[in-house]
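**Student:** Everything below, folded, please.
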Amino acid sequence: MRKNLLGRISKGEPFSLRELLLLTWQLSVPAIMAKITTVMMQYIDASMVGMIGAGAAASIGLVNSTAWLIGGVAFAMSMGYTIQLAQAIGAGEELKARSLVRHGLWAVVIFSFVLGGSCAALSGQMPYYLGGTTDIAEGASTYLYIYALGLPFLAVNFAAASMLQASGNMKIPSLLSVSMCILDVVFNALLIFPSRNVELWGWLIWIPGGNLGVAGVALGTVLAEVCCMVAMLYVLLKKSRQLHYRQEQLLSWQGELQEATRLGVPMALEQVVMGSAYVAFTCIVAPLGTVALAANSFAITAESLCYMPGIGVSTAAQTLVGQSVGAGRSKLAQRFGYVSAGLGMLVMLVMGIVMYICAPGMMALLSQDGAVIAAGTEILRIEAWAEPLFAAGIIVTSIFRGAGETKMPTILNLVAMWGIRIPLATYLAVDYGLPGVWAAMCTELCARGLLSLGVLIWRGEGLYRRA
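**Tutor:** Model (predicted):
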C-alpha cells in the first residue's frame, strides 16, 4: 500500500485527505519507532555513564554540544545531496539519482575527514574553552578526540540512511538504526567497565571488560556506527532497486556539487548557529556546578524521548515534500507540509504530557544521584510545555528543506537561538539557576514554533515551486 501511494506522486495521481494522512503516517512510523528505540538505548548508555559517577556524565555533557556542532556541519553536506535526490526521484530521473548517491558519498567522506581531523587536533583545549574544570577536562578531551576521529563513519552512515529515506525506504534505515543502538550498548558494556562476574539465573558469568570509562563510551559509539555504516552502504549500493551501484556513465559531478553547496551552506550555517548556541548554553550551565551540568546532560537525553517522534515525522515530511516538488506538484507538496506539521504537533503534545508525568522516573533511570534526579525532574517539567511548538519548528524546517529552501530555517533559528534563548538564559541563570536556563529554552522553542508556522503559511504554495 505504501509503495502504491508513494508511486502516485510521480504519476500525477490525486490524493484524498485520508490518503495524505495515511502515507505520511506510514512513512513516519518506522522513523518514529527507530528514534524512540534510539533514545531508549541512549538511556541505557547514559545510565552506564551514570554508574561511573556524576563527573563522567559532566565530562561528556561538557563536550556534547561541540560534538553535535561538528556532526551537524558534516551532515549538512550530505543533506545538500539528499534534497536533490528526493526531487530527482519525484521527477523520475533515476540516472541523476544514482549519480547523486555516488558523488554525494565521496563528498561526505572527504569533508568529514577534514572536519573531524581538525576537531581532534583541538580536542585537548576545547573543554577549557567551554568553561570546564580540571577534574572533568581530561575525560571530556578524550571523548571529543575519539568522536572526532570517528566522524567520517558517522557522517557516511547518516548520508546513506538519508539517501534511502529520500527514496521512500524508511524501514531498512530504521531497523539498522535500532541495531546500531543495541550494538552501542553491547560495546559500551564491554569497554566502559572492568572485567567482572555477573550472576544470571543462578549462574555466575564472567564478562570481559576494557575498563576505559569515558573513552569506552566514545569508542563504543564509533564501533557501532562502523557496523551500521557497512550494512547501510550494502543496502544502498547493492539492494536498492533505484539507487544500487551499476556500471554506467554518470552525470557531471560539478553541477551536483554546486547545487549541494547552494543547499548545504545555509544548512551548515544553521548548524553553526544552533551548535554554537548549544555550546554557549553549556557555558552558561557549567558554572552552576557539577550537579547542574550532569542534570542538564541527563535531562537533554530524557527530553529526546519526546522530540524524536517529531523528528520521525519530519523525515517523512522531507521525503514527501521533496518528491512532490520534483514531480512539479506544488499544491500536493503544500498539503503534505500542512498534514505533517499537524500530525507532528499532535504526537508531541501527547509525548509532552507523558514527559511531565513521568519525569522523576525518567531521570531515575539515568542517575542514582538524588540531587541530579531532583534537578532534572524540575527542568523536564518546565520543558514539557514547549513540546507541541517544538514539533512545529522541527517539522517546518524539514518542509523547507524538502522544497529546496534552506536559507529560511537558518534565519529563524538565528533569531530564536541568539535573539531569545541565549540572552534570556544568561539573564535568568543569575537568579534562578538551572530552572531559569531551561525556562529560557522553553520560551525560545515556543517562539520558534510560532515563527516557523507563520512563515510557512505566509510563503504559501509558492514555496514548493521547483526553480
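
**Student:** So which residues of the stretch 51-200 of the chain form helices?
**Tutor:** Applying DSSP state H, counting those that start in this stretch to the stretch 51-200 of the chain gives helices spanning 54-90, 94-122, 126-129, 134-149, 151-166, 171-191.

**Student:** Would you format those as CSV with distance to residue 31 included?
**Tutor:** Where you see a C-beta, it was placed from the backbone N, CA and C, and this is true even at glycine. Output for these, formatted as CSV (distance: least, CB to CB, whole Å):
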stretch, distance to residue 31
helix 54-90, 14
helix 94-122, 20
helix 126-129, 32
helix 134-149, 24
helix 151-166, 7
helix 171-191, 6
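
**Student:** looking at those helices, which is closest to residue 394?
**Tutor:** helix 54-90 (13.8 Å; CB to CB).

**Student:** distance of the residue most central in space within the chain from residue 16?
**Tutor:** Geometric centre of the chain, nearest residue: residue 311, 7.5 Å, by CA atoms, centre = their mean. Distance from residue 311 to residue 16, counting by CB to CB, to the nearest Å: 27 Å.

**Student:** Also residue 171?
**Tutor:** According to CB to CB, residue 171 stands 24 Å off from residue 16.

**Student:** tally of neighbours for residue 182?
**Tutor:** Counted with other CB atoms under 10 Å, residues neighbouring residue 182 total 14.

**Student:** State the distance from it to residue 267.
**Tutor:** Applying CB to CB to residue 182 and residue 267 gives a distance of 30 Å.

**Student:** So what's the residue count around the residue lying closest to residue 154 once chain neighbours are set aside?
**Tutor:** Once its chain neighbours are removed from consideration, residue 154 has its nearest residue in residue 225; the separation is 5.0 Å (CB to CB, 6 or more residues apart in numbering). Counted with other CB under 10 Å, residues neighbouring residue 225 total 23.

**Student:** Look up how far residue 280 lies from the closest residue in space to residue 159 that isn't next to it in sequence.
**Tutor:** Counting by CB to CB, 6+ apart, residue 159 lies nearest to residue 78, which is 3.5 Å off, once chain neighbours are set aside. In this structure, residue 78 lies at 26 Å from residue 280, with CB to CB as the measure.

**Student:** repeat for residue 150
**Tutor:** Between residue 150 and residue 280 the distance, using CB to CB, works out to 25 Å.

**Student:** coming back round to it: tell me if I'm right that the residue nearest to the centre of the chain and residue 394 touch.
**Tutor:** Yes - look at residue 311 against residue 394 with CB atoms under 8 Å: they come within range, at 6.0 Å.

**Student:** so where's the stretch 101-250 of the chain uncertain?
**Tutor:** 199-200 (pLDDT under 70).

**Student:** Try it again at 80.
**Tutor:** Low-confidence segments of the stretch 101-250 of the chain, defined by pLDDT under 80, are located at 126, 129-139, 193-211, 213-214, 247-250.

**Student:** cool, the stretch 351-467 of the chain as well?
**Tutor:** Along the stretch 351-467 of the chain, the model assigns pLDDT under 80 to residues 365-368, 466-467.

**Student:** Next one, pLDDT for residue 34 please.
**Tutor:** Among the per-residue scores, residue 34 holds a pLDDT of 68.

**Student:** Number the chain from 13, please
**Tutor:** All set: I'll call the first residue 13, so the last point we hit is now residue 46.

**Student:** Tell me where the stretch 363-479 of the chain has helices.
**Tutor:** For the stretch 363-479 of the chain, the helices defined by DSSP H, counting those that start in this stretch occupy 382-395, 399-414, 419-428, 434-471.

**Student:** Export those as TSV, with columns for distance to residue 78 and mean neighbour count.
**Tutor:** Listed next are those as TSV, based on distance: least, CB to CB, whole Å; neighbours: other CB atoms under 10 Å:
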stretch	distance to residue 78	mean neighbour count
helix 382-395	21	21
helix 399-414	22	27
helix 419-428	18	20
helix 434-471	16	19
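
**Student:** Export these as JSON lines, with columns for distance to residue 176.
**Tutor:** JSON lines is the format used below for these (distance: least, CB to CB, whole Å):
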{"stretch": "helix 382-395", "distance to residue 176": "32"}
{"stretch": "helix 399-414", "distance to residue 176": "16"}
{"stretch": "helix 419-428", "distance to residue 176": "23"}
{"stretch": "helix 434-471", "distance to residue 176": "27"}
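
**Student:** Looking at these, which is nearest to residue 329?
**Tutor:** helix 399-414 (4.8 Å).

**Student:** Just the CA atoms of that closest one, as CSV, please.
**Tutor:** What follows is the C-alpha trace of helix 399-414 in CSV, where atoms were taken according to Å, rounded to 0.1, in the frame of the first residue of the first chain:
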residue,chain,number,x,y,z
GLU,A,399,6.8,20.2,23.0
PRO,A,400,3.9,20.8,20.5
LEU,A,401,5.5,24.0,19.2
PHE,A,402,8.9,22.4,19.3
ALA,A,403,7.4,19.9,16.9
ALA,A,404,6.3,22.7,14.6
GLY,A,405,9.9,24.1,14.5
ILE,A,406,11.4,20.7,13.7
ILE,A,407,8.9,19.7,11.0
VAL,A,408,8.7,23.1,9.3
THR,A,409,12.5,23.1,8.9
SER,A,410,12.2,19.7,7.1
ILE,A,411,9.4,21.0,4.9
PHE,A,412,11.5,23.9,3.8
ARG,A,413,14.4,21.6,3.1
GLY,A,414,12.3,19.2,1.0
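
**Student:** That one: how far from the chain's middle?
**Tutor:** Between the centre of helix 399-414 and the centre of its chain there are 13 Å (CA atoms, centre = their mean, to the nearest Å).

**Student:** And stretch 182-198, by the same measure?
**Tutor:** Mean C-alpha position of stretch 182-198 versus that of the full chain (CA atoms, centre = their mean) differs by 14 Å.

**Student:** same check, this time on stretch 424-440
**Tutor:** Distance of stretch 424-440 from the chain centroid (CA atoms, centre = their mean) equals 21 Å.

**Student:** For that stretch, what is the spacing between the initial and final residues?
**Tutor:** According to CA to CA, to the nearest Å, stretch 424-440 extends 23 Å from its N-terminal end residue to its C-terminal end residue.

**Student:** follow-up on the earlier one: so the residue nearest to the centre of the chain, which of the three states?
**Tutor:** Of the three states, residue 323 takes helix according to DSSP: H, G, I helix; E, B strand; the rest coil.

**Student:** just to revisit the earlier point, comparing residue 90 and residue 292, which residue is more hemmed in?
**Tutor:** residue 90 (28 against 18).

**Student:** Verify the stated contact: that one with residue 116.
**Tutor:** Yes - in this structure, residue 90 is within contact of residue 116 by CB under 8 Å, at 6.3 Å.

**Student:** joint contacts of those two?
**Tutor:** The contact sets of residue 90 and residue 116 overlap at 171, 175 (CB atoms under 8 Å, 6 or more residues apart in numbering).

**Student:** rewinding a little: could you point out which of the helices of the stretch 63-212 of the chain sits nearest residue 379?
**Tutor:** With CB to CB, the closest approach to residue 379 among the helices of the stretch 63-212 of the chain belongs to helix 66-102: 7.3 Å.
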